[in-house]
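>>> Quick check, what structure comes out for this input:
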Amino acid sequence: MQAGHKDGPRSVYPGAVTTESVTAPGAPVRDRTDLLVERWHAQNESVDVDTKSLAIRLRRANQHVGRALREDLARLEMETWEAEVLLAVRRHGGRSVHAGELVRDSQVTSGAITNRIARLERRGWARRDVDPEDRRQVLVSLTDEGRRAADRVIASRAGAEERLFAVLDRSTRARMAADLRALLVGIEGPADEEEDLP
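Residues are numbered from 1 along each chain as shown. Sure, this is the predicted structure:
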């Protein structure tokens, strides 16, 4: 089946949401991914349309989430890495965290995490202490102001996510979350309840 296109004939894959089909009552609205996948399929009809559409939409959704979170952090006058370290410590509750744990959680070098903690100290958000049980280890904890800063990040992120996903009703969000859980379990395997999460 062929449909007109400003660049010449275009192959329309079976089940494609075309400009013509969206005029039908209840038809889905085309998005940019539909256009991209049509062009991929026109160049290579062996492209798996559903797989390509899913991959593109996941990447685009992730870009929108990341942009919304960065914009909210900018309003808090905070950089992304600062929020990540604050939340990594905050997730451990009230206890101090070994710097080595933050290296693993943040997936950066020990030198980088040392520099980041020092910068949080200068902002009055964190402090370092020698582990009394192993003086080779450094313990990192949040100050009262650091905990308040972390809580502002948590509230800001929740608000940004709620605004972004407000276009979907709650049943749709729940269904999508369940579908993505199935995907991640298939990729990562089931969660280990004793696992230290980043």
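
>>> how far is the helix or strand where I154 lies from where the chain is centred?
For I154, the host element (DSSP states H and E) is helix 144-165. Put simply, helix 144-165 sits 14 Å off its chain's centre (C-alpha atoms, centre = their mean, to the nearest Å).

>>> and if you look at stretch 49-61?
Shown here is stretch 49-61, whose average C-alpha point lies 15 Å from the average C-alpha point of the whole chain (C-alpha atoms, centre = their mean).

>>> Going by neighbour count, list what's buried in that stretch.
V49, K52, S53, I56 (16 or more other C-beta atoms under 10 Å). C-beta: built from backbone N, CA, C; applies to glycine.

>>> Closest one to R32 out of the residues you listed, please.
Proximity of the buried residues of stretch 49-61 to R32 (C-beta to C-beta) peaks at I56, which lies at 8.4 Å.

>>> For the closest one, give me phi and psi.
In terms of degrees, to the nearest 10, the main-chain angles of I56 are phi -70, psi -40.

>>> From I187, how far off is the residue lying closest to it once chain neighbours are set aside?
Among residues not flanking I56 along the chain, T33 sits closest, at 4.7 Å (C-beta to C-beta, 6 or more residues apart in numbering). Per C-beta to C-beta, to the nearest Å, T33 is found 21 Å from I187.

>>> Also R39?
With distances taken as C-beta to C-beta, R39 is found 27 Å from I187.

>>> Between these two, which is the more surrounded one?
More neighbours surround R39 than the other of R39 and I187, with 13 against 7 (other C-beta atoms under 10 Å).

>>> Looks to me like that one is in a helix.
Yes. Assessed by DSSP: H, G, I helix; E, B strand; the rest coil, R39 belongs to a helix.

>>> Tell me how many other residues crowd V89.
As a burial measure, V89 scores 24 neighbours (other C-beta under 10 Å).

>>> I should have written R67 there, sorry.
R67: 12 surrounding residues under other C-beta under 10 Å.

>>> before we move on, what about V103?
Around V103 there are 16 other residues, counting by other C-beta under 10 Å.

>>> Kind regards, and thank you for your time.
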